[in-house]
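K.L.:
Structure, please.
(one chain, ligands or ions: 1)
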Amino acid sequence: MNQRHDETNHYWNASLYDSRIGFVSEYGKSIVELLDVQPGETVLDIGCGTGDLCRELSSRGALTHGIDYSGEMIAKARGKYPDLSFEAADAHAYRTERKFDAVFSNAALHWMTRPAEVIRSVSGALKPGGRFVAEFGGKGNVGGIVAALGESLRGFGIDAAARNPWYFPSVGEYVSLLEAAGFRVEYALHFSRPTPLDDGERGLEHWLQMFAAGFFAGLTEPEKRRAYAETSRLAKPSLYRDGRWIADYWRLRVAAYKPAAAEGESPDMRRK
Ligand code: BEZ
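P.N.:
Predicted coordinates for the structure are as follows:
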């Protein structure tokens, strides 16, 4: 299997992502509605994965450019959608001469642990007056899973908190960062989205393999299997119901505008 290692010590597998985690793009369609893209608008998709939401936006008339840290995801996106534009890039340091009408992101920003740098990239990529519409994991996201991971990995001498690769901010925290970067925040919402996992009894184990591999780094295969089983045992009372796992997802949604050139400037500054 062709796997890749990202900066959060996380191994992405683009084939597993498409076959098992299709719900990521499915849920993403509701944030596409919030973007409300108009035909001919240019949109930068940050963390585009294998490109499904670029495809969705393009079917609505947008001219999209998708970026993702994972070269494997980008290779798969190019294979699936050869007519669309994709690039492997780190959103923390993304700089482009192009200016977009909108920057969009679904289920990706929680992997980027230096949010002020990402917001700077977003601002740099937007035209004055452009909008930033994003959804990602918010405060408390997968809290039950994180707690079970912490307890089970302690038994293997691993400090799970030190390996946690995720950024799940509150509304207040994220809005403050946007405002500090000059954005006008029009909308921000933190909400619970209990998310059923496929694969019955093994659903959480598969989720851990897909999304939380970095926590288990350094363990032997038998140790990993025991750690998955122990994490599942600990999480089961709160997250397993009627024969399936329901992950305790919390989402943060934002829509924010970069000021038009004249906004926020004094009349003196505008004359210059
Ligand atoms: C999420 O979409 O909330 C998520 C996905 C993988 C790991 C952590 C959170």
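K.L.:
helices or strands next to the lengthiest helix in the chain in the packing?
P.N.:
Residue-count comparison of every helix in the chain, with assignments taken from DSSP state H, identifies helix 221-239 as the longest. With contacts defined as 3 or more C-beta pairs under 8 Å, 6 or more residues apart in numbering; DSSP states H and E, the packing partners of helix 221-239 are helix 143-154, helix 203-211, strand 244-257. The C-beta positions use only the backbone N, C-alpha and C, and glycine is treated the same way.
K.L.:
Are we agreed that residue 261 is in a strand?
P.N.:
No: inclusion of residue 261 in a strand is not indicated when DSSP: H, G, I helix; E, B strand; the rest coil is applied; the result is coil.
K.L.:
Give the closest residue to it in space, chain neighbours not counted.
P.N.:
Computed as C-beta to C-beta, 6 or more residues apart in numbering, the closest residue to residue 261 that is not its neighbour in sequence is residue 128, at 4.4 Å.
K.L.:
Residue 105 and the ligand, how far apart?
P.N.:
Using C-beta to the nearest ligand atom, to the nearest Å, one gets 12 Å for the distance from residue 105 to the ligand.
K.L.:
Can you report how many residues lie near that residue?
P.N.:
25 (other C-beta atoms under 10 Å).
K.L.:
How about the contacts made by it?
P.N.:
By C-beta atoms under 8 Å, 6 or more residues apart in numbering, residue 105 lies in contact with 45-47, 133-136.
K.L.:
so it sits in a helix?
P.N.:
No: assignment of residue 105 by three-state DSSP gives strand, placing it outside any helix.
K.L.:
for the longest helix of the chain, the distance to its chain's centre please.
P.N.:
Its chain's C-alpha centre lies 25 Å from the corresponding centre of helix 221-239 when counted by C-alpha atoms, centre = their mean, to the nearest Å.
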